[in-house]
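A.B. asks: Here's a sequence, model it:
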Amino acid sequence: MCGIAGTYQVPDGLAAATLMSERLAHRGPDASGLHSFEDGRVTAHLAHRRLSIIDLAQGGQPMVKDGLALTYNGELYNYSELRSELSSSGASFLTSSDTEVVLEAWRRWGPRCLPKLRGMFAFAILDHRSGSLYLARDPFGIKPLHYARRGASLYFASELKGLSAVLAGLEPDPVALVASILFYWVPDSRCSLRGAEKLPPGTWAEFRPDGSWISKAYFDIAEVASAASAGPPMDLSEVIEGSVAAHLVSDVPVSSFLSGGLDSSIVTVLAKRAKPDIDAYTITFRHQDHRMEAMPDDAGYARKVAASSGIRLHEVQIAPDVVSLLPELVDILDEPIGDPAAINTLLMCQAARDAGVKVLLSGMGADELFGGYRKHMACLLAGRYRDLPAPARRAVKFGVDRLPVVAGGRGLRYARWAKRFLSFADLPEEAAFRRSYSLYDPGDIKRLLSPDLAPIVDEVLSDHFSVYCDNTLVDHVNRMCLADTRLFLPGLNLAYTDRASMAASTEVRVPFVDPIVFRAAFSLAGNQKVAHRVGKVALREAARRWLPEEVINRPKASFSAPLRAWVSRDLRGLINDVLAQGQLVADGFVREDALRLLVAQDRAGRQDNSKQIWQLLTLELWYRAKARPPARAPVSLGH
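C.D. replies: Below is the predicted model:
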């Protein structure tokens, strides 16, 4: 896993490529490389930072061979099969790396090779003969790729901070910022800095010497899901076993995240079967944080899974100096992402790296594909709730509105869940799904933000509606799962996992986020995913051959952090001094009175606003670092 950067048709592009590479050094501490090409038509500079995983001796980059130059961030799990196919057609290989397989696959098939690649990747290929530069990204957006066009000039980098290091005028984009406040992450279709863009998942682009360019999708998630839903159900056990085995290819030690939940337990146990020496990492929390958060005992389940399978388990206690760590985390995440689970990933990856581990497996993606979130079940229950007589619904709401969310220093999670459920239970399908995981309803976020931002709120809501409805699926559960795979997975989970893990110079692999597993998931009907108030039904059934019943049937637990304890104790001073009197308020982006009410309600225990407060605090720190506006100068709210 690596960091890539480069310039195309940029005067003095070498200096820019070098500076971007330096800014991405954490992604590849093992080696660096630079390839420059100029022929009178084209000037291009490709940079690379290497984290050595496969072919440690010969897999250096950029790789230049017979008129093609490649800078590549990723892992290709079926590279041995593709290498054999290419060799039988006359290709010769100088290394045993997957990098050279990508290069030769492109030489033979061009962009038509992309559907053949099973893995996670983002890369740039320069064709010396035609002078064109190509960018490509994996089907689900596991690996990031940002770019910026300036006339005929192009800059690209794995992380946004690479572009920020060399380009002036990258200002915060109000649409992305509003989306981050609503969802606590930035949708992958948006970029938090105006003037930069993200190459969409499942897409390639060509930039030509004459300044023209094209972009095309090679993997349409909605079309693939619809095609899978029309076919017979696939053998889920066989598919998952195959994917985990494929994701173990490596020339360095591999470990696994093990929360004790269903998904990570499946991945860890199957990995142990294929690689007997694998070990695992789990997180624990301080007792007082458990009490405030009302958190399940994940570590206890992780110990049981590890003991039953003979896996050595490393426990990492999450008790950071969150006041000091938060600004660092904001810089690491690159965009305003308000999920404290990123801290868990960062600290576990750091512990693994300190132990000499470069590669970790994760169960991420199973909830999105197989209906594992509480919101999926809640949205189905909302349909039944709407069938109740209006007086009964009013009585329920009257009682729930008066429930406290904290009592005696203990968090009351069932009260939190009841309040969350009633915030969307009366809404139509798409709006209910959006509200089931967003931080505000439309009216509340408009009251929080400047009145000038109301049209932008409407634009963000419209974007969500368009993505949710852009499919031909007839199944409610699968419509939710597809929306999660297109929005929630790349915008939040994959984004923070990539940034946090690469900040620790480690690679996280996600066997569930795989084209074959995706097709298997959408070959299942919704009632094979969520039924009788149980999620991931088909996955649980498949797991019976791998896991003990107590793990299969345990309640859903989130991969999160003691957020409420941090907000109420550790971060109290930072909230008072930095957020309430911050630049977002000074610039008129956020209304001070609405912000203070949000904090007051949380501290009084009337509402659980800890997620909203954490998101606004991370956004404030990000905004101060990225906007750098003159004192009290308003940010432009136009498009």
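A.B. asks: Not including adjacent chain positions, what is the nearest residue to residue 582?
C.D. replies: In space, and not counting its chain neighbours, residue 582 is closest to residue 620: 4.4 Å by CB to CB, 6 or more residues apart in numbering. All C-beta spots, glycine's among them, are computed from the backbone N, C-alpha and C.
A.B. asks: I'd say that neighbour and residue 581 touch.
C.D. replies: No - counting by CB atoms under 8 Å, residue 620 stays clear of residue 581, with 10.0 Å between them.
A.B. asks: So those two - more neighbours on which side?
C.D. replies: Set residue 620 next to residue 581 and count neighbours by other CB atoms under 10 Å: residue 620 wins out with 24 against 12.
A.B. asks: that's a strand at that one, yeah?
C.D. replies: No - counting by DSSP: H, G, I helix; E, B strand; the rest coil, residue 620 is located in no strand; its state is helix.
A.B. asks: Report pLDDT for it.
C.D. replies: What the model reports for residue 620 is a pLDDT of 96.
A.B. asks: Relative to residue 184, how far out is residue 484?
C.D. replies: Using CB to CB, to the nearest Å, residue 484 is found at 15 Å from residue 184.
A.B. asks: How about residue 35?
C.D. replies: Counting by CB to CB, the gap between residue 35 and residue 184 amounts to 39 Å.
A.B. asks: And these two? Which one has more around it.
C.D. replies: Between residue 35 and residue 184, counting by other CB under 10 Å, residue 184 is the more crowded of the two (24 against 19).
A.B. asks: Residue ranges of each domain in this protein, please.
C.D. replies: Residue ranges for the domains of the chain, per automatic domain parsing: 2-219, 234-371+477-552.
A.B. asks: For the first one, measure first residue to last.
C.D. replies: The stretch domain 2-219 measures 23 Å between its terminal residues, going by CA to CA, to the nearest Å.
A.B. asks: does residue 37 really touch residue 43, like I thought?
C.D. replies: Yes - Residue 37 is in contact with residue 43 according to CB under 8 Å; the separation is 7.4 Å.
A.B. asks: tell me the contacts of the closest residue in space to residue 578 that isn't next to it in sequence?
C.D. replies: Computed as CB to CB, 6+ apart, the closest residue to residue 578 that is not its neighbour in sequence is residue 620, at 6.2 Å. Neighbour list for residue 620: 578, 579, 582, 583, 584 [criterion: CB atoms under 8 Å, 6 or more residues apart in numbering].
A.B. asks: One more: residue 475?
C.D. replies: Residue 475 makes contacts with 229, 525, 526, as judged by CB under 8 Å, 6+ apart.
A.B. asks: The last one contacts residue 478, doesn't it?
C.D. replies: So that's residue 526. Yes - applying CB under 8 Å, one finds residue 526 in contact with residue 478, separated by 5.2 Å.
A.B. asks: For these two, indicate the residue with more neighbours.
C.D. replies: Taking neighbours as other CB under 10 Å, residue 526 and residue 478 compare with residue 478 leading, 24 against 21.
A.B. asks: Which elements pack onto the helix or strand hosting the more buried one?
C.D. replies: Using DSSP states H and E, residue 478 falls within helix 476-483. If you count contacts as 3 or more CB pairs under 8 Å, 6 or more residues apart in numbering; DSSP states H and E, helix 476-483 packs onto helix 221-230, helix 366-370, helix 374-386, helix 429-437, helix 454-469, helix 515-522.
A.B. asks: got a list of contacts for it?
C.D. replies: Residues outside helix 476-483 that contact it (CB under 8 Å, 6+ apart) are 221-222, 225, 229, 368-371, 375-376, 379-380, 429, 433, 467-468, 471, 473, 521-522, 525-527, 529-530.
A.B. asks: looking at the helices and strands packed on helix 476-483, which is buried most?
C.D. replies: helix 366-370 (a mean of 27; mean count of other CB atoms under 10 Å).
A.B. asks: Let me know the average pLDDT across that helix.
C.D. replies: Mean per-residue pLDDT for helix 366-370: 98.
A.B. asks: That helix packs against which elements?
C.D. replies: If you count contacts as 3+ CB pairs under 8 Å, 6+ apart, helix 366-370 packs onto helix 262-274, helix 476-483, helix 515-522, helix 537-543.
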